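> What follows is a predicted protein model with its sequence.
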Amino acid sequence: MCGRVASDAFAVVLTAGPDVDIEAILRAALQSIGRPHWVDNVVRVSAHAGFAQAPHHATTRGELTRRANRALRAAAKKGPGSIVIFDLSIDTTSNDQKFIHRELPRAISANELEVHYQPIVSSQGGRMVGVEALLRWTHATRGAIQPTTFIPVAEQMGLMDTIGAFVLRRTLQDARRWPDDLYVAVNLSPLQVRDRTIVDMVRSALADSAVAPSRLVLEITEGVLIDDRDEMVKRINDLHELGVRVALDDFGSGYYNLGYLQRFPLDKLKIDRSFVAALGRSSNGGVIIQAIVAFGRALGLSVLVEGVETEHQRVLLRLAGCDEMQGFLFAKPAPAKAIDKLLAQAKQGGKPLSAADEALTA
């Protein structure tokens with residue numbers, strides 16, 4: 001029995017014995033849905049499926065439906081064509097999200113959110129040239145809560161504008177006491193860039209901090225570029241015209257259309273850490289990085305690589321021509337006071353960041 005329960009959601013009820021391969025049935029259903037259709041042109045439809053079974057997962061109709069729906073949401077996060085069979089870890093995730101929904105607004109008002117910074121170093125000499133601002137939340141009872149856990153919830157709750165403004169303002173205020181040749185990088189989510197007030201917010205934060213716009217790098221992701229509308233292109237242009245620089249984060253990890261790079265004003269490419277991890281394990285890893293560096297050079301962009309964890313990777317990346325590096329080899333993210341300490345050491349003739357620095361882990 002199959003019935004439509006929402007605009008793009010359907011419930012399927014199967015009565016089957018324990019030996020039936022339910023996952024195979026669902027896989028066949030998704031393949032059937034995915035066959036191309038002709039509606040003025042070729043149209044392809046993708047779907048995902050979540051599954052719960054009685055009495056193994058639930059003994060009542062309501063609970064069985066709820067758990068199947070949780071599995072469906074988990075499949076949606078994994079992407080088109082995914083199939084998820086309910087298990088208790090999904091319930092745990094659901095409870096965690098409820099906790100974050102309840103606690104995140106309180107954490108914002110109680111100033112529990114913090115900004116930590118990870119140094120960015122030059123490939124030649126290892127001198128610190130910038131820092132990336134990274135959001136951290138340490139809950140009184142739960143301890144550290146990962147951004148990958150609470151940021152999606154913040155986006156669902158419409159809190160990213162508030163959080164994004166806090167991160168930008170705090171970062172620029174910290175940057176005031178750092179050298180003028182040290183830049184700060186702040187991530188912008190697609191939701192923030194879609195907000196029509198983003199340009200005014202950045203302009204106001206720069207004015208209040210008196211930090212030179214050239215010291216601010218705004219990092220955007222593929223999600224911004226995909227929304228290739230004139231309005232979005234204008235918004236990125238308006239940000240660029242403030243004097244700030246724009247970097248394309250996680251380059252190479254998504255489905256980038258190189259045509260995007262002609263429409264959006266960019267200053268820097270950040271090579272995704274997955275390519276760094278492949279160095280030494282795959283003969284193609286270094287070749288791909290060299291190709292990205294050459295590509296960036298041809299467009300007049302600087303190239304930063306993140307996720308550097310070993311000295312071997314550092315040497316290979318320097319030889320590949322990367323301009324800047326970032327990763328645990330040099331330093332872990334740390335509070336602003338640790339950056340103060342590191343800069344003071346550098347001023348007194350301290351060593352370059354060619355290895356993880358104790359000042360940032362103390």
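Nice, I can see it.
> tally of neighbours for Gly130?
By the criterion of other CB atoms under 10 Å, Gly130 has 22 neighbours. No exception for glycine: its C-beta is placed from N, CA and C like everyone else's.
> which residues does it contact?
Taking CB atoms under 8 Å, 6 or more residues apart in numbering as the definition of contact, the neighbours of Gly130 are Pro119, Ile120, Leu182, Tyr183, Val184, Ala185, Val217, Glu324.
> Now with 6 Å, please.
For Gly130, the contacting residues are Ile120, Tyr183, taking CB atoms under 6 Å, 6 or more residues apart in numbering as the criterion.
> In three-state terms, label it for me.
Three states are possible here, and by DSSP: H, G, I helix; E, B strand; the rest coil the one that applies to Gly130 is strand.
> Check the gap between it and Ala344 for me.
As defined by CB to CB, to the nearest Å, Gly130 lies at a distance of 17 Å from Ala344.
> next one: Asp208
26 Å.
> got it, and His48?
From His48 over to Ala344 the distance is 52 Å, taken as CB to CB.
> When these two are compared, which one has more neighbours?
Counting neighbours by other CB under 10 Å for His48 and for Ala344 shows that His48 has the greater number, 20 against 11.
> ok, the more buried one touching Ala75?
Yes. The criterion here is CB atoms under 6 Å, and His48 meets it with Ala75 at 4.0 Å.
> what residues do those two have in common as contacts?
With contacts defined as CB under 6 Å, 6+ apart, the residues adjacent to both His48 and Ala75 are Ser82.
> Which secondary structure element of this protein has the lowest mean pLDDT?
Taking all helices and strands of the chain together, the one with the lowest average confidence (mean pLDDT, DSSP states H and E) is helix 222-226, at a mean of 70.
> Would you mind measuring the gap between the ends of stretch 155-163?
The first and last residues of stretch 155-163 sit 10 Å apart, counting by CA to CA, to the nearest Å.
> so where's this structure uncertain?
Per-residue confidence for the chain (pLDDT under 70) gives these ranges: 88-95, 223, 225-229, 252-260, 280-283, 285, 350-362.
> Tell me which stretches of it form helices.
In the chain, the segments counted as helices under DSSP state H are 22-33, 61-78, 88-109, 147-156, 160-175, 190-194, 198-209, 222-226, 230-241, 260-263, 273-277, 283-298, 311-320, 336-347.
> so can I have a markdown table of those helices showing distance to Ala54?
Compiled in a markdown table, the helices of the chain are given as follows (distance: least, CB to CB, whole Å):
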| stretch | distance to Ala54 |
| --- | --- |
| helix 22-33 | 12 |
| helix 61-78 | 5 |
| helix 88-109 | 16 |
| helix 147-156 | 30 |
| helix 160-175 | 39 |
| helix 190-194 | 39 |
| helix 198-209 | 48 |
| helix 222-226 | 39 |
| helix 230-241 | 47 |
| helix 260-263 | 48 |
| helix 273-277 | 41 |
| helix 283-298 | 48 |
| helix 311-320 | 51 |
| helix 336-347 | 54 |
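> Quick one, which of these gets closest to Thr138.
Closest of the helices of the chain to Thr138 is helix 88-109, at 9.3 Å (criterion: CB to CB).
> roughly how far apart are Arg194 and Leu248?
Arg194 sits 17 Å away from Leu248, going by CB to CB.
> Pick out whichever of these two has more residues nearby.
For Arg194 and Leu248, the more surrounded residue by other CB under 10 Å is Leu248, and the numbers stand at 23 against 15.
> who are the neighbours in contact with the more buried one?
For Leu248, the contact set (CB under 6 Å, 6+ apart) comprises Leu266, Leu269.
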